[in-house]
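I'd like to go over a predicted model; first the sequence, then the structure.
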Amino acid sequence: MFALIDANNFYVSCERVFNPALAQTPMVVLSNNDGCVVARSNEVKALGVKMGAPWFQLRELAEKHGIRAFSSNYSLYADMSNRMMNVLATYSPDQEVYSIDECFLVMAGFDHIDLSASGQRMRSQIRQWLGLPVCVGFGATKTLAKLANHCAKKNLAGQDGVCDLRQLDADERSRIFAALPVNEVWGVGRKLTEQLTRRGIQTVEDLRRANPETLRQAFSVVLERTVRELNGVSCLSLEQVAPNKQQIMSSRSFGTYVYDLPTLSEAVATYIARAAEKLRRQASLAGVVQVYIRTNPFKDNVPQYQRGLNIPLPEATNDTSRLIRAAHWGLKRIYQPGFAYQKAGVALLDLSPQAHAQMNLFSTTPNRAALMRVMDQINTAYGRGTLHSAAEGVRQSWRMKRDRMSPAYTTQWDQLPEVN
DNA sequence: CTATAACTCTCAA
DNA sequence: CTAACGTTGAGAGTTATAG
């Protein structure tokens, strides 16, 4: 028995909490570099703006309807998310934080009890304590809880932002599922929708009634599980503790095009530093460093180039400067002059636990774990980047654009809003 | 020929 | 005035390679 609680238009709603004057304003939150729309208010959705739409293409529409746009304010959203998860954790001992704005709860012992009232309590509590609107879905499996949440958001069954699918009788449920396109199902994306449609499976109900073995043959074990889950057979369990990452990536588009190797090197060093921090936080070592650069694939009138390289390390490490050295070595090999680079990225691969590191018999490099520890401590205490590698550069002219940021209302004293 | 590694594709937020 | 299109991670399936 699962619940899935999901915030409505999460980033937009976070902005509105601290700027209530925006409550009715059509508004969006943009991705990094102020590039694409990643959150839309209902007013903007009603105008037909799609998720992921490039902001510059919406200029005319935005002007016409007075759409306000904000840069992503991740420190604000992460803080609001933590508060929301803490409140929801009081409703069940078993919680899986699935993403920044949603979590699953296991409601053990409530198998045959209508939980609508519980759902309403969650909603009003989070509304009152945090100012955020959320919807709640209940179902016998994770996939059904997700679907129930969708129904709650669209008010298809149940009411006022809560839907308990288990309370519907079979006919009613079939009617609702038959009216939902198959792509509303968790795990059914663009490609699968296309292929399923060709086989005559167009609605959620079609998929629920499909033969799981046949679909496993034709597609994958993943889709088989989905079909079973739609029929109330739980195949996906709650994952309460996030396992360590198997790979850690850091990549960004630049605020302006970059042409030269020294500048690319700065960016790559900066990305490595971020990735290495994450690596140390989970007490792992990286055995391989990957580095890649690319031009802007959307600009078809300029020469295109993209390349990446994996650099195996002689000895697994989480030492930032050693990782930077490897990445720079790789970057020099893939760099070609004469291109307008738009993005660079790094990844740390072949991760292993620090606790049982494989040593190198011939290693002469000093162990600088203590140095890394101090660096992390200082940066935690005084803010990211307080202490950093010289290789990261100082001016960082390539830094991404964030021209439309709201204040860090909840995490910076000097950015607290004034109260009149 | 088999086991593993590396790569590709799809999906999610 | 012009140009301006995200990031991170997982899992399954397929292909390449090593032994």
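In hand now; what should we look at?

got the buried residues for stretch A:229-239?
Of the residues in stretch A:229-239, A:229-230, A:234-236, A:238 count as buried by neighbour count, 16 or more other CB atoms under 10 Å. C-beta coordinates here come from the backbone N, C-alpha and C atoms, glycine included.

around DNA strand C, which positions in the stretch 201-350 of chain A sit nearby?
A:220-222, A:243, A:245-253, A:274, A:278, A:296, A:298-299, A:342-343, A:345, A:347 (CB under 7 Å from any atom of the strand).

of the residues you listed, which belong to helices?
Those of these mapping onto helices are A:221-222, A:274, A:278, per DSSP state H.

to what extent is A:Phe70 buried, counted in neighbours?
For A:Phe70, the tally of surrounding residues (other CB atoms under 10 Å) stands at 23.

beta partners of it?
Taking DSSP bridges as the rule, A:Phe70 bridges to A:Val29.

show the pLDDT at it.
Looking at A:Phe70, its pLDDT stands at 95.

now A:Pro303
Reading off the model, A:Pro303 has pLDDT 89.

name the SS class of it, please.
Classification of A:Pro303 using DSSP: H, G, I helix; E, B strand; the rest coil returns coil.

quick check, it in contact with A:Gln336.
No - the pair A:Pro303 / A:Gln336 is not scored as a contact, 9.6 Å apart, by CB atoms under 8 Å.

returning to what we had before: which of the residues of the stretch 201-350 of chain A next to DNA strand C are buried, as a ChimeraX select command?
Buried members of those, defined by 16+ other CB under 10 Å, are picked up in ChimeraX with:
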select /A:248,250,251,252,253,274,296,342,343,345,347
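
where along the stretch 201-350 of chain A do the strands fall?
Residue ranges of the strands in the stretch 201-350 of chain A, as given by DSSP state E, counting those that start in this stretch, are A:248-258, A:284-295, A:306-317, A:341-353.

ugh, typo on my part, it should be the stretch 1-150 of chain A
For the stretch 1-150 of chain A, strands defined by DSSP E, counting those that start in this stretch occupy the ranges A:2-7, A:27-30, A:37-40, A:68-70, A:95-99, A:102-106, A:134-139.

the residue in the stretch 201-350 of chain A positioned nearest to DNA strand B: neighbour count?
As assessed by CB to the nearest atom of the strand, DNA strand B sits closest to A:Asn310 within the stretch 201-350 of chain A, at 5.9 Å. Per other CB under 10 Å, the neighbour tally for A:Asn310 reads 13.

for the one 3 residues further on, same thing?
The burial metric for A:Leu313, expressed as a neighbour count using other CB under 10 Å, is 18.

enumerate every residue touching it.
Contacts for A:Leu313 (CB atoms under 8 Å, 6 or more residues apart in numbering) come out as A:286-289, A:322, A:326.

swap the cut-off to 6 Å and go again
Applying CB atoms under 6 Å, 6 or more residues apart in numbering, we find A:Leu313 in contact with A:287, A:326.

what pLDDT does the model give the closest residue to A:Glu184 other than its chain neighbours?
Nearest residue to A:Glu184, sequence neighbours excluded (CB to CB, 6 or more residues apart in numbering): A:His150, at 5.7 Å. Per-residue confidence for A:His150 comes out at a pLDDT of 95.

against A:Phe104, how distant is A:His150?
A:His150 is 14 Å from A:Phe104, where distance means CB to CB, to the nearest Å.

do A:Ser31 as well
According to CB to CB, A:Ser31 stands 26 Å off from A:Phe104.

list phi and psi for A:Arg198.
Here is the backbone geometry of A:Arg198 (degrees, to the nearest 10): phi -60, psi -30.

neighbours of it, how many?
Using other CB under 10 Å, A:Arg198 has 9 neighbouring residues.

so what's the residue of the stretch 201-350 of chain A closest to DNA strand B up against?
Counting by CB under 6 Å, 6+ apart, A:Asn310 touches A:288, A:290.

quick revisit: could you point out which of the buried residues of stretch A:229-239 is nearest to A:Ala23?
Comparing the buried residues of stretch A:229-239 against A:Ala23 with CB to CB picks out A:Leu238 as the nearest, at 34.8 Å.

dump the residue contacts of A:Ala276.
Taking CB under 6 Å, 6+ apart as the criterion, A:Ala276 is in contact with A:318, A:320, A:323.

and the closest residue to it other than its chain neighbours, how far from A:Ile5?
Nearest residue to A:Ala276, sequence neighbours excluded (CB to CB, 6+ apart): A:Thr320, at 4.4 Å. A:Thr320 is 38 Å from A:Ile5, where distance means CB to CB.

from DNA strand C, how far off is A:Arg208?
According to CB to the nearest atom of the strand, to the nearest Å, A:Arg208 stands 20 Å off from DNA strand C.

that residue contacts A:Leu230, correct?
Yes - counting by CB atoms under 6 Å, A:Arg208 touches A:Leu230, with 4.2 Å between them.

reformat the strands of the stretch 201-350 of chain A as TSV; add mean pLDDT.
Shown next, in TSV, are the strands of the stretch 201-350 of chain A (pLDDT from 0 to 100):
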stretch	mean pLDDT
strand A:248-258	92
strand A:284-295	90
strand A:306-317	87
strand A:341-353	91
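
now the ones you listed in TSV, with distance to A:Leu47?
Output for those, formatted as TSV (distance: least, CB to CB, whole Å):
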stretch	distance to A:Leu47
strand A:248-258	26
strand A:284-295	32
strand A:306-317	34
strand A:341-353	29
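
skipping adjacent residues, who's closest to the closest residue to DNA strand B within chain A in space?
Residue nearest to DNA strand B within chain A (CB to the nearest atom of the strand): A:Gly189, separated by 2.4 Å. Nearest residue to A:Gly189, sequence neighbours excluded (CB to CB, 6+ apart): A:Asn183, at 7.2 Å.
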